[in-house]
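In: Quick one, what's the 3D model for this:
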Amino acid sequence: MIQSKISLIKATAEDAKELFELQKKVFTPMYEKYEDHETTPVKQTFERFKERLKLGDYFKISLGNSLVGSVHVYPKSAGVMRLHMINILDEFQGKGIAQQVMMRLESLYPEAKRWELHTILEEKRNCYLYEKMGYVQTDEKWKVNDKMTLVHYVKTSRLNHMPCL
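Out: Numbering: from 1, shown residues only. Here you go, the predicted structure:
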């Protein structure tokens, strides 16, 4: 079972270069598709990336002994966590890794009553994943360019509401 082989390992400053390169590799296809020169992680400087490692928690995602992605989360305010970025290498997408990572993150931060994230509206697979995981799209949207819109999602803690039957 793939889920039992997934590990979240807290990243350190020593991991910065490897994770920076992974981020570029994961986001390059979207950069080329949407031509987003302003907000893309591909254009982020290494110095800015290293600063982000100090904000909240940055985890390496491993499957067995292989690095397959990373995820960055941080507290936005009391009881509110932001899922800032989840990166899964293309060859490992569609295997349930992101779902497993998101469930594990929720268990690591039981104090979070609400989770928030932004994603690309045009990336239907991402929107489907987040909605499947209980996130709800809000009315907050930002048009980056003619090809790309960012959308805001929120999820409230399972303790705050009953699941739909």
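In: and Ser62, what does it touch?
Out: With contact taken as C-beta atoms under 8 Å, 6 or more residues apart in numbering, Ser62 is in contact with Ile6, Ser7, Ile9, Val68. C-beta coordinates here come from the backbone N, C-alpha and C atoms, glycine included.
In: same question but for His152, I mixed them up
Out: Glu116, Leu117, His118, Gln137, Thr138, Glu140, Lys141.
In: In three-state terms, how would the residue nearest the centre of the chain be classified?
Out: Against the mean C-alpha coordinate of the chain, by C-alpha atoms, centre = their mean, the closest residue is Ile86 at 2.4 Å. Three-state call for Ile86 (DSSP: H, G, I helix; E, B strand; the rest coil): strand.
In: so what's it up against?
Out: With C-beta under 8 Å, 6+ apart, Ile86 has these contacts: Gly69, Ser70, Val71, His72, Ala98, Val101, Met102.
In: Try it again at 6 Å.
Out: Going by C-beta atoms under 6 Å, 6 or more residues apart in numbering, Ile86 touches Val71, Ala98.
In: What does the pLDDT read for the closest residue in space to Gln23 that isn't next to it in sequence?
Out: Computed as C-beta to C-beta, 6 or more residues apart in numbering, the closest residue to Gln23 that is not its neighbour in sequence is Pro41, at 5.1 Å. Here the pLDDT value assigned to Pro41 is 93.
In: residues near Pro41, how many?
Out: Using other C-beta atoms under 10 Å as the criterion, Pro41 is surrounded by 19 other residues.
In: That one is in contact with Phe27, isn't it?
Out: Yes: counting by C-beta atoms under 6 Å, Pro41 touches Phe27, with 4.6 Å between them.
In: Please spell out the segments of this protein that come in under the pLDDT threshold.
Out: Residue ranges of the chain with pLDDT under 70: 1-4, 158-165.
In: and the top helix by length along the chain, which residues are buried?
Out: Taking DSSP state H as the criterion, the chain has its longest helix at helix 16-34. By neighbour count on 16 or more other C-beta atoms under 10 Å, the buried set for helix 16-34 is Ala16, Leu19, Phe20, Leu22, Gln23, Lys24, Val26, Phe27, Met30, Tyr31, Tyr34.
In: Redo these as CSV? Include distance to Ser62.
Out: Formatted as CSV, the buried residues of helix 16-34 follow (distance: C-beta to C-beta, whole Å):
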residue, distance to Ser62
Ala16, 17
Leu19, 12
Phe20, 17
Leu22, 12
Gln23, 16
Lys24, 19
Val26, 15
Phe27, 20
Met30, 23
Tyr31, 25
Tyr34, 29
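In: taking the residues you listed as a set, which two sit the farthest apart in space?
Out: Distances among the buried residues of helix 16-34 were taken as C-beta to C-beta; the most separated pair is Ala16 and Tyr34, at 25.7 Å.
In: All set now, cheers.
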